[in-house]
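>>> pasting the sequence and the predicted coordinates here, then a few questions.
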Amino acid sequence: MIYPEILHENEEVHTLEIEKSALLFAETFLNLWDNFILTAPMGAGKTHFLITLLKKIGKNKSIVFKPDLIYKFSPKLESRSGNVYLNVYNVSDFIDNEVFYKLEHFRLKNQKYDLVIIDEYQFLNDRELEFLKSLSAKKIFCGLEKDYLNRTFSNLFKLKDLNPYSIRIRKLCRRCKKAEITRNVRFINNILDKSGETYKTPEEDPYLFVHETAYYESMCENCYAKLC
């Protein structure tokens with residue numbers, strides 16, 4: 001499934017289309033499958049889609065997780081459009097402190113949640129991933145398919161045994177406003193960064209996270225080729 005159906009170069013219109021897509025998904029496809037994987041390049045609208053979906057379902061009927069690796073830096077859902085969702089759990093902390101999260105564990109075990117959302121699934125460690133996969137509730141794993149060097153994150157393959165229904169969020173390239181964005185690109189000091197290109201996978205790359213002044217941009221293949 002691909003959302004939105006219609007692409008617009010105007011950011012506000014694109015955001016509205018994402019909202020419409022999330023509501024359509026909730027009303028039509030959500031109840032037809034047990035597991036979903038929602039992917040898109042950075043800035044396409046994944047988080048806005050999730051927050052819209054959460055508002056539709058309701059706080060008491062859903063629970064949101066983030067990997068420990070990411071939660072330390074970003075303990076909430078925050079879209080580029082400005083929407084924020086604060087009720088997010090650190091997966092490792094949730095596993096390690098079952099007594100503290102007694103009510104949430106009870107609700108999970110007794111299927112009291114209509115939906116479990118996992119944001120930034122690509123950064124889950126093996127223990128976190130296996131815990132989430134074991135949950136019987138309906139789940140959406142949301143995040144990136146590929147890193148800043150276009151390498152596929154291994155967790156995407158580790159989810160295949162769940163037979164997830166694939167959802168992809170798309171958006172027009174800001175540079176050319178013609179083609180869809182397909183690449184996540186990183187710049188450091190305004191220079192295209194390929195620091196870890198000698199490593200085969202994102203998980204091997206010691207430069208996957210950098211402390212220098214860096215920013216990310218998603219673009220189409222043609223615009224990326226012009227930078228190389």
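Alright, I've got the coordinates. Numbers count the residues shown, from 1 in each chain.
>>> from here on, just use CA atoms for contacts and neighbour counts.
OK.
>>> where does the residue lying farthest from the centre of the chain land on pLDDT?
No residue in the chain sits farther from the centre than V99, which is 28.5 Å out by C-alpha atoms, centre = their mean. Per-residue confidence at V99 stands at 97 (pLDDT).
>>> for K66, same thing?
We have a pLDDT of 98 for K66.
>>> got a list of what I70 touches?
E120, F123 (C-alpha atoms under 8 Å, 6 or more residues apart in numbering).
>>> what comes up buried for the host helix or strand of it?
Element membership for I70 (DSSP states H and E) is helix 68-71. By neighbour count on 16 or more other C-alpha atoms under 10 Å, the buried set for helix 68-71 is D68, I70, Y71.
>>> separation between D126 and F73?
Shown here: D126 relative to F73, a distance of 20 Å by C-alpha to C-alpha, to the nearest Å.
>>> longest helix of the protein?
When the chain is parsed with DSSP state H, its longest helix is helix 11-28.
>>> what's the following helix or strand after the helix holding I70?
Taking DSSP H and E, what comes next after helix 68-71 is strand 77-78.
>>> chain center to the helix or strand that that following strand is followed by: distance?
Per DSSP H and E, the first helix or strand lying C-terminal to strand 77-78 is strand 84-85. From the chain centre to the centre of strand 84-85 is a distance of 14 Å (C-alpha atoms, centre = their mean, to the nearest Å).
>>> avg pLDDT for the longest helix of the chain?
Helix 11-28 carries an average pLDDT of 95.
>>> same thing with stretch 214-228?
95.
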